[in-house]
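Student: After the sequence you'll find the predicted model.
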There are 2 protein chains.
Amino acid sequence: MTGSLIENDKRCSECLARGMCMARALIEPQLSEWSGALTRITVPQGQAVIKEGAPLDKIYIVQMGCFLSHTSEYQKNSAVNIKNAGDLLGVGGIEKRRYPYTSVAAADCNVVCAIPYQKFLELLAGRPRLIDCFASVMSRELNKQTERVLMMKNTNAMQKLALFLVSTSENHTARSMSGTDIKLLMSRADIGDFLGITIETVSRVFSQFEQFNILRITGKNLTILDLDGLRRVASGTFPVN
Amino acid sequence: MTGSLIENDKRCSECLARGMCMARALIEPQLSEWSGALTRITVPQGQAVIKEGAPLDKIYIVQMGCFLSHTSEYQKNSAVNIKNAGDLLGVGGIEKRRYPYTSVAAADCNVVCAIPYQKFLELLAGRPRLIDCFASVMSRELNKQTERVLMMKNTNAMQKLALFLVSTSENHTARSMSGTDIKLLMSRADIGDFLGITIETVSRVFSQFEQFNILRITGKNLTILDLDGLRRVASGTFPVN
DNA sequence: CGGGCAATTGATGCCTATCAACGGGTGTGG
DNA sequence: CCACACCCGTTGATAGGCATCAATTGCCCG
């Protein structure tokens, strides 16, 4: 982590992401102890928090914003994940003690809580509820990836994009933002990469959504006109049923 | 877990899967304590260990054999995972306290070590090295799924099958079995399901591999004649380069 | 021996990648 | 202030890979 990142010192007890963070397991005085072990870091848009191949050093918890993970495997620059508040960054590196991908800040304002992995283990020890919460967050990550595997196998391009938009909308809603007026943080290339389709296809499907009056699009700003229709597309039951 | 499953009482200290199991972190006397908390269960081929939708009760560690996980999501019966010795079964259920998929024993002889999740947490709590190992195994699962997402996006049918066969071969080798004479535990349908292609395509590609003298196939028994060629196919550099 | 499922092989069509051209916005330099 | 370049996004034409449908063969088990 370079010096250009900005530290701040908000405490866990007043954190907006508490409900989604693994530290929700803790109450005082343990919460303060935990809070004191963290370094809160504001990451400018476009900057990497962890880098593919670097030795595992710290684990990061996303407090605010959005991070996109990429790997150089398979020759291409492949998007592997999207991380939002409460998600863990860097845990993929525990297996081989090296981060397997690069994670870059994508939103206007991005904050992570950093903790050295060794310290992390120490704090977990003796706190079964925290271990449970950690396991739960890891389980969530695992299920998220499994979900993506299933999506890749079983959906066509239109369903993929519908699923992506529904998921984005729900993410926004869960964080008290508008679920219908959305500013995309990702380029068409990022989206296509994430979903395993080309930018041309992304563009074409977006156009079709506009024709169906499901979406209104102006560059990266989009308005969902028919969330329910989008859900039907996602489930493969559009337009009938 | 039904009564038709057979229990045995081998101890961890003499387990063949030690090197791949999270309990490798432990030494005596903690190992015995851990070992005592486990129930070892022999699962007959075809029988389920965990069932989709059932409440999270126990976590299982695969000691021997092979397990295939399926989910009913996306209308189809979708293969989501293959578990071998050292892998954890049921951890996907920690997030929502319900197993998200069904895991069925696939090999001739399958053994799992069962531990109630609450007991599991208690045992972890006092042992930072065990927590580390647990995190490491979870990280491995996560990376395995991420790897699959990348594969789904970036490879064609032939590469998928080559990757599958190379991976199967390496799994066998790592467990002191022949890496070239392999008896498949999965049907063409299972394989196709796992890789996201149809059984017809699986069959066709297998035939091509035979024509290339890369494979010899007799039903579920196959012999890898050219593992290196298979690797080249997997990496997309066949036949040239 | 026959029923039924698994696997193979063939014919066809669709989805989406690929290649290509174009429009619009932004930034830079003259 | 305008011209130009460049990148991003859109739209069109084409081709190829794989799914789908269909028919046949092989195999296991009663």
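Tutor: Yep, that arrived.
Student: where does chain A dip in pLDDT?
Tutor: Chain A contains residues with pLDDT under 70 at A:1-9, A:239-241.
Student: Write out the residues of it neighbouring DNA strand C.
Tutor: A:156-158, A:196-198, A:200-201 (C-beta under 7 Å from any atom of the strand). Where C-beta positions appear, they are placed from N, C-alpha and C, glycine not excepted.
Student: And the furthest pair within these?
Tutor: A:156 and A:200 (14.9 Å; C-beta to C-beta).
Student: what's the neighbour count on residue A:170?
Tutor: Using other C-beta atoms under 10 Å in any protein chain shown, residue A:170 is surrounded by 12 other residues.
Student: In contact with it: list those residues for me.
Tutor: The contact partners of residue A:170, taken as C-beta atoms under 8 Å, 6 or more residues apart in numbering or on different chains, are residue A:179.
Student: Look up how far residue B:71 lies from it.
Tutor: Using C-beta to C-beta, to the nearest Å, one gets 20 Å for the distance from residue A:170 to residue B:71.
Student: which residues touch stretch A:130-143?
Tutor: A:22-26, A:30, A:34, A:86-88, A:91, A:123-124, B:91-95, B:100, B:121, B:124-125, B:131, B:134-135, B:138-139, B:141-142, B:145.
Student: Send me it as PDB with only the CA atoms.
Tutor: This file holds the C-alpha atoms of stretch A:130-143, laid out as PDB (Å, rounded to 0.1, in the frame of the first residue of the first chain):
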ATOM      1  CA  LEU A 130     -16.100 -13.700  15.100                       C
ATOM      2  CA  ILE A 131     -14.800 -16.900  13.600                       C
ATOM      3  CA  ASP A 132     -18.300 -17.700  12.700                       C
ATOM      4  CA  CYS A 133     -18.800 -14.400  11.000                       C
ATOM      5  CA  PHE A 134     -15.500 -14.700   9.200                       C
ATOM      6  CA  ALA A 135     -16.600 -18.200   8.000                       C
ATOM      7  CA  SER A 136     -19.900 -16.700   7.000                       C
ATOM      8  CA  VAL A 137     -18.400 -14.000   4.900                       C
ATOM      9  CA  MET A 138     -16.000 -16.500   3.300                       C
ATOM     10  CA  SER A 139     -19.000 -18.800   2.600                       C
ATOM     11  CA  ARG A 140     -20.800 -15.800   1.000                       C
ATOM     12  CA  GLU A 141     -17.800 -15.200  -1.300                       C
ATOM     13  CA  LEU A 142     -17.800 -18.900  -2.200                       C
ATOM     14  CA  ASN A 143     -21.500 -18.900  -3.000                       C
END
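Student: which residue sits closest to residue A:193, ignoring its sequence neighbours?
Tutor: Nearest residue to residue A:193, sequence neighbours excluded (C-beta to C-beta, 6 or more residues apart in numbering or on different chains): residue A:79, at 4.2 Å.
Student: what residues go with each domain of chain A?
Tutor: For chain A, automatic domain parsing gives the domain ranges A:6-147, A:155-234.
Student: Can you tell me which of these is most buried?
Tutor: domain A:6-147 (a mean of 19; mean count of other C-beta atoms under 10 Å in any protein chain shown).
Student: OK, contacts around the residue positioned nearest the centre of chain A?
Tutor: In chain A, the centroid-proximal residue (C-alpha atoms, centre = their mean) is residue A:83; its distance is 1.6 Å. Contacts for residue A:83 (C-beta under 8 Å, 6+ apart) come out as A:62, A:66-69, A:89, A:103.
Student: Which of the residues you listed sits closest to residue A:227?
Tutor: residue A:66 (20.5 Å).
Student: What distance do you get for the closest one to residue A:114?
Tutor: Distance, residue A:66 to residue A:114, by C-beta to C-beta: 17 Å.
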